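**Q** sequence first, predicted coordinates after that:
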Number of protein chains: 4
Amino acid sequence: MARPLEYGEQVLLWEAGRGRTFSFVLREGEVFHSHKGSIPHGEIAGQPEGTRVFSNTGVEFVVFRPRLPERMMKVRRRTQIVYPKDAGWLALALDLAPGMRVVEMGTGSGAFTILLAQLVGPGGRVYTFDRREDFLENALENISRAGLSDRVEAGVLEAGEPFPVEGEVDAVFLDLPEPWLAVSPAYAVLAPGRPLAGIVPTAEQLKGFVASLEREGFVAVECVEILERRVLVREREGVRPFERMVGFTGYIVSARKALPAGKEEGCGG
Amino acid sequence: MARPLEYGEQVLLWEAGRGRTFSFVLREGEVFHSHKGSIPHGEIAGQPEGTRVFSNTGVEFVVFRPRLPERMMKVRRRTQIVYPKDAGWLALALDLAPGMRVVEMGTGSGAFTILLAQLVGPGGRVYTFDRREDFLENALENISRAGLSDRVEAGVLEAGEPFPVEGEVDAVFLDLPEPWLAVSPAYAVLAPGRPLAGIVPTAEQLKGFVASLEREGFVAVECVEILERRVLVREREGVRPFERMVGFTGYIVSARKALPAGKEEGCGG
Amino acid sequence: MARPLEYGEQVLLWEAGRGRTFSFVLREGEVFHSHKGSIPHGEIAGQPEGTRVFSNTGVEFVVFRPRLPERMMKVRRRTQIVYPKDAGWLALALDLAPGMRVVEMGTGSGAFTILLAQLVGPGGRVYTFDRREDFLENALENISRAGLSDRVEAGVLEAGEPFPVEGEVDAVFLDLPEPWLAVSPAYAVLAPGRPLAGIVPTAEQLKGFVASLEREGFVAVECVEILERRVLVREREGVRPFERMVGFTGYIVSARKALPAGKEEGCGG
Amino acid sequence: MARPLEYGEQVLLWEAGRGRTFSFVLREGEVFHSHKGSIPHGEIAGQPEGTRVFSNTGVEFVVFRPRLPERMMKVRRRTQIVYPKDAGWLALALDLAPGMRVVEMGTGSGAFTILLAQLVGPGGRVYTFDRREDFLENALENISRAGLSDRVEAGVLEAGEPFPVEGEVDAVFLDLPEPWLAVSPAYAVLAPGRPLAGIVPTAEQLKGFVASLEREGFVAVECVEILERRVLVREREGVRPFERMVGFTGYIVSARKALPAGKEEGCGG
């Protein structure tokens, strides 16, 4: 019943034992090469996920479709990306659900756009903006490779300009060096009570971001950082955390749109 | 356009300035009481999210629907729950998307069931099992309060019994004291290549869990722990992490189902 | 051979099994009271460290002299203190050794003064200053209780005033809300090349502190934060980190005094 | 008054701006070479710490004596070493003070021996043992380079053998793959009430270590891990933690020797 891997799809090769992974798009007639030997794409196409394949030098691999974290990490990067450890927290903070319409400002390489697009599903809509057209082009290729183009609309926009989106949206995500520029446009486009979130790298940006949120009518502001530590579990070596870890990626922020006091908008809502 | 809050819905009251929150179901004729004064439910019903309301003692609150993290944290607890910081990572590891069919073993209080149900959406399906009928009853009430009952099926099951689910599922989540008991049944029900994840509190359980995964045909095993640190951002006090934090909730694990070597299942897949 | 506990000494009672500790000064004729029963001081005086004693209700305790971490944590607090986790890092950064002469600005409750005094030993000297005479009085009592008064000199001083110390010192520690005020006086009193260290609670103070260090001729500036996580090891429950931890105490900083370029002070040094 | 750097001493060159450091022993007639140019040792000898020197290509360095953390990190390594972040905690846990006599089992490369030797001072004594003579030889060279040989005695010893030390010692440190083998010998040599500490890399070793401590008469067992995160403070980039960090080095343990119940050893103490 499992849908076989097809030409044109992105696949993930997992090297048995070592845990290294390789990602590429299946193309008829092409061959995957690495220092562990080569595998014709034709040996992968038509197989289900989870199939074991062997390189010409006898190294074992297992073929998969990339999951969401791998599709995010394997984008062609033109910018810093939002890491899965932060993206998971953000997905909850933005209260994502199928069918939602969401705005992203700061498309970057499109890693977080991929998360948004997967979670709102084909019935949802992701409006993503960046000031750099070349970033957008690269991001749209990444989104296409992830098979999610049908639900994503992208456009060039400067931080601070109003979002060219009709009606209210369910969530807004900001990934900008000066997120405070986009807080007022975000307020304008968000449905009342719905969440905004963002990520910034420094304490100074965090302070400026939070100050603008509080000034522009957002409440319930939360700021966190997420540390992910991998743990090594081996029969012989025993259980212990890895020696190296990512110590920091960014401060992440969420908040919710409150209506102005005394405003009667709600009554006819 | 925003849908007003209605009787029967769960609401979240956010106390202005202090950041404390209160959660309850709106009932006609009832009154919310706290040491900050009282608010008749009738002043909330019919308002949009984001509306500011005042208690009879003049304290300001903002009314919201709970987002996913709050719906998880505010369940009536009969057990330890999966925390949002871990749940975000797990949502990505399980590669959740609208329309998926997923199995959960160890319903507990239903917090993670709520996440699964929100993210697979009304077109998806969550099959959740627990050995304790009383836990299931409480969890189902929590799921109902979150408005997600339409996509959840629950049943009593001992760890180790086969999952009574027709066809293959897209993901399996295990939250059990002895997760190794459920690894073989999980393998049986999972589509090839698809992810399994779980959470355990101790190094010993982690070791036993990982050993069973590797024995039963899972690969790409990852073990991590997630630390969330809240950051205080105040104009006067400045930016600094909170003094207290949750230091540990559990080790989280993900893996993918590989097919046995040489098995030709894939060809007709 | 072990020196018995004497009247006038500070002792630490460790409650068997539970791990709670109680600290007090042994006084002839007095009785220790807790909800676990009472123990006459006379049953402790004359015993060596490590002796097991029993309260009148049969609860077992073990008597100890407090180690350095406990002497620091058990000071009577009038201020925030430097925690042992940070103090250990600082002791190394300050390159402490027996016989050294060191300056501390911001005595507070004297917890870190106790560390300095223990590690420079009876042949060393700690010059500690605070702007608040009442803080100094409390700190000197804490230092006396720790039996370290012989090597400590204290004085009232405003941040920014020159340190009233003759000759050069081996290390300077600053624990001040505005540490930049004391950087220039610290430079004046430090031997060339020797270390300065400090602790501050916010990102803004950290930035101001570092800027002043670089401006005033310090180099090799390092900024870190230390997280300590307790781990629970029980035969039945297994090995896992504690659920709660201290998430943050302060940013700690160290630097070294460089001489101005071209200065020939060194030649006759 | 500052003592100038002399031939035969270990020096630390700190590269201005970049923060990289180089360590070597000053030798008459030798020249320091790096890709940043060369500096004759003769330009350093006779200068005080903190002097700025320039390579033949104009790169600025500042010369220092290594502090304790650098002397530890710059040992010639034949083994994993105890890192300064853990060593600071251990120094406090072991309650080190000038004049103490301490035992170390598992000399390794001597990094922690250097800490012990600096803090007990010339009036103290460090007895350090390792089963590998080649490790001891390397460690003794490292200790000699740090100028601390006068207070260190080393010997070959298998874990489990009694410590060949006369009288009681004030502290014991264990850095062994099987620390439980040395717990009983440690108990025998420790003064009553005094601390033992150790470090182990895995959860399994931690469990075995703690079990043996509790069995052999130690109490007040504490297990922790220490995370050190460096923080970047730059005028332009702002304040934020470094992206990479050391995620784990080991679990550290401390405990204190309790006397057997009912033993009257204390009375004549």
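**A** Now that the structure is in, tell me what you want to look at.

**Q** show me what contacts the closest residue to residue A:133 other than its chain neighbours?
**A** Counting by Cβ to Cβ, 6 or more residues apart in numbering or on different chains, residue A:133 lies nearest to residue A:156, which is 5.3 Å off, once chain neighbours are set aside. Glycine gets a C-beta too; all of them are placed from N, C-alpha and C. Shown in contact with residue A:156 (Cβ atoms under 8 Å, 6 or more residues apart in numbering or on different chains): A:129, A:130, A:131, A:132, A:133, A:136.

**Q** and if you look at residue A:214?
**A** residue A:221 are the contacts of residue A:214 under Cβ under 8 Å, 6+ apart.

**Q** hmm, back to that, any idea how far the residue nearest to residue A:133 is from chain B?
**A** Applying Cβ to the nearest Cβ, to the nearest Å, the value for residue A:156 to chain B is 27 Å.

**Q** for residue A:192, same thing?
**A** 4 Å.

**Q** ok, that residue to residue A:259 distance?
**A** 5 Å (Cβ to Cβ, to the nearest Å).

**Q** can you pull out the helices in the stretch 51-200 of chain A?
**A** A:68-73, A:84-93, A:111-120, A:133-145, A:183-189 (DSSP state H, counting those that start in this stretch).

**Q** quick one, which of the ones you listed is packed in tightest?
**A** Most buried of the helices of the stretch 51-200 of chain A, by mean neighbour count (mean count of other Cβ atoms under 10 Å in any protein chain shown): helix A:111-120, with a mean of 28.

**Q** put the alpha carbons of that one into CSV.
**A** Listed next in CSV are the C-alpha coordinates belonging to helix A:111-120 (Å, rounded to 0.1, in the frame of the first residue of the first chain):
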residue,chain,number,x,y,z
ALA,A,111,13.1,26.4,5.8
PHE,A,112,10.4,27.7,8.1
THR,A,113,8.1,28.3,5.1
ILE,A,114,8.3,24.6,4.5
LEU,A,115,7.1,23.9,8.1
LEU,A,116,4.2,26.4,7.8
ALA,A,117,3.2,24.9,4.4
GLN,A,118,3.2,21.4,5.7
LEU,A,119,1.2,22.2,8.8
VAL,A,120,-1.5,24.4,7.2
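
**Q** what pLDDT, on average, does it get?
**A** For helix A:111-120, mean pLDDT rounds to 98.

**Q** same question for stretch A:153-164.
**A** 98.

**Q** got it, and stretch A:174-193?
**A** Stretch A:174-193 comes out at a mean pLDDT of 98.

**Q** next, give phi and psi for residue A:203.
**A** As for residue A:203, its main-chain torsions (degrees, to the nearest 10) stand at phi -60, psi -40.

**Q** for whichever residue of the stretch 151-269 of chain A sits closest to chain B, give me its contacts.
**A** Using Cβ to the nearest Cβ, residue A:193 is the residue of the stretch 151-269 of chain A that sits closest to chain B, at 2.3 Å. By Cβ under 8 Å, 6+ apart, the contact list for residue A:193 reads A:256-259, B:2, B:48-51, B:62-65.

**Q** strands of the stretch 151-269 of chain A, start to end?
**A** Remark: strands assigned in the stretch 151-269 of chain A by DSSP state E, counting those that start in this stretch are A:152-156, A:171-174, A:195-200, A:218-234, A:238-241, A:244-246, A:251-257.

**Q** ok, the longest one: who's next to it in the sheet?
**A** This means strand A:218-234. strand A:238-241 (antiparallel), strand A:251-257 (antiparallel), strand B:218-234 (antiparallel) (DSSP bridges).

**Q** reformat those strands as TSV; add mean pLDDT.
**A** Shown next, in TSV, are the strands paired with strand A:218-234 (pLDDT from 0 to 100):
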stretch	mean pLDDT
strand A:238-241	94
strand A:251-257	98
strand B:218-234	96
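
**Q** among these, which is the most enclosed?
**A** Of the strands paired with strand A:218-234, strand A:251-257 is the most buried (mean count of other Cβ under 10 Å), at a mean of 26.

**Q** could you check the angle that strand makes with helix A:84-93?
**A** 10 degrees (axes from the mean of the first three to the mean of the last three Cα atoms, to 10 degrees).

**Q** doesn't residue B:210 make contact with residue A:231?
**A** No. Between residue A:231 and residue B:210 there is no contact, the gap being 9.4 Å when judged by Cβ atoms under 8 Å.

**Q** tell me the residues of chain A that contact chain C?
**A** A:203, A:204, A:239 (Cβ under 8 Å from any Cβ of the partner chain).

**Q** in the stretch 1-150 of chain A, what residue lies closest to chain D?
**A** Counting by Cβ to the nearest Cβ, the stretch 1-150 of chain A gets nearest chain D through residue A:80, at 9.8 Å.

**Q** from chain C, how far out is that residue?
**A** In terms of Cβ to the nearest Cβ, residue A:80 sits 20 Å off from chain C.

**Q** same check, this time on residue A:197
**A** Remark: distance between residue A:197 and chain C (Cβ to the nearest Cβ) = 21 Å.

**Q** my guess is that residue contacts residue A:179, does it?
**A** No. In this structure, residue A:197 is not within contact of residue A:179 by Cβ under 8 Å, at 10.1 Å.

**Q** who does the residue nearest to residue A:133 bridge with?
**A** Beta-bridge partners of residue A:156, as defined by DSSP bridges: residue A:130.

**Q** hmm, back to that, in CSV, list the residues of chain A next to chain C along with distance to residue A:15.
**A** What follows is the residues of chain A next to chain C, written out as CSV (distance: Cβ to Cβ, whole Å):
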residue, distance to residue A:15
A:203, 40
A:204, 42
A:239, 23
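
**Q** neighbours of residue A:66, just the number please.
**A** Here the count is done by other Cβ atoms under 10 Å in any protein chain shown, and residue A:66 has 19 residues near it.

**Q** that one contacts residue A:9, correct?
**A** No. Applying Cβ under 8 Å, one finds residue A:66 not in contact with residue A:9, separated by 9.7 Å.

**Q** now residue A:130: how far from chain B?
**A** Separation of residue A:130 from chain B (Cβ to the nearest Cβ): 23 Å.

**Q** OK, contacts around the residue nearest the centre of chain A?
**A** Closest residue to the average C-alpha location of chain A: residue A:112 at 2.1 Å, with Cα atoms, centre = their mean. Taking Cβ under 8 Å, 6+ apart, we find residue A:112 in contact with A:72, A:81, A:82, A:87, A:90, A:104, A:173, A:175.

**Q** out of those, the closest to residue B:30 would be?
**A** residue A:90 (34.7 Å; Cβ to Cβ).

**Q** wait, doesn't the closest one sit right on residue A:252?
**A** Yes. At 6.3 Å, residue A:90 counts as touching residue A:252 under the criterion of Cβ under 8 Å.

**Q** overlap in contacts, the two.
**A** In contact with both residue A:90 and residue A:252: A:197, A:199, using Cβ under 8 Å, 6+ apart.

**Q** what about residue A:192 and residue A:259, which has more around it?
**A** Ranked by neighbour count (other Cβ under 10 Å), residue A:192 and residue A:259 place residue A:192 first, with 26 against 22.

**Q** count of residues packed around the residue nearest to the more buried one when sequence neighbours are not counted?
**A** With Cβ to Cβ, 6+ apart as the criterion, residue A:192 has its nearest non-adjacent residue at 3.6 Å, and that residue is residue B:50. For residue B:50, the neighbour count with other Cβ under 10 Å is 28.

**Q** go on, residue A:80?
**A** The number of residues near residue A:80, taken as other Cβ under 10 Å, comes to 15.

**Q** let me know the pLDDT of it.
**A** pLDDT, read off for residue A:80, is 95.

**Q** leaving out the residues flanking it, which one is nearest to it?
**A** residue A:108 is the one closest to residue A:80 (Cβ to Cβ, 6+ apart), at 7.0 Å.

**Q** quick one: pLDDT of that neighbour?
**A** pLDDT, residue A:108: 98.
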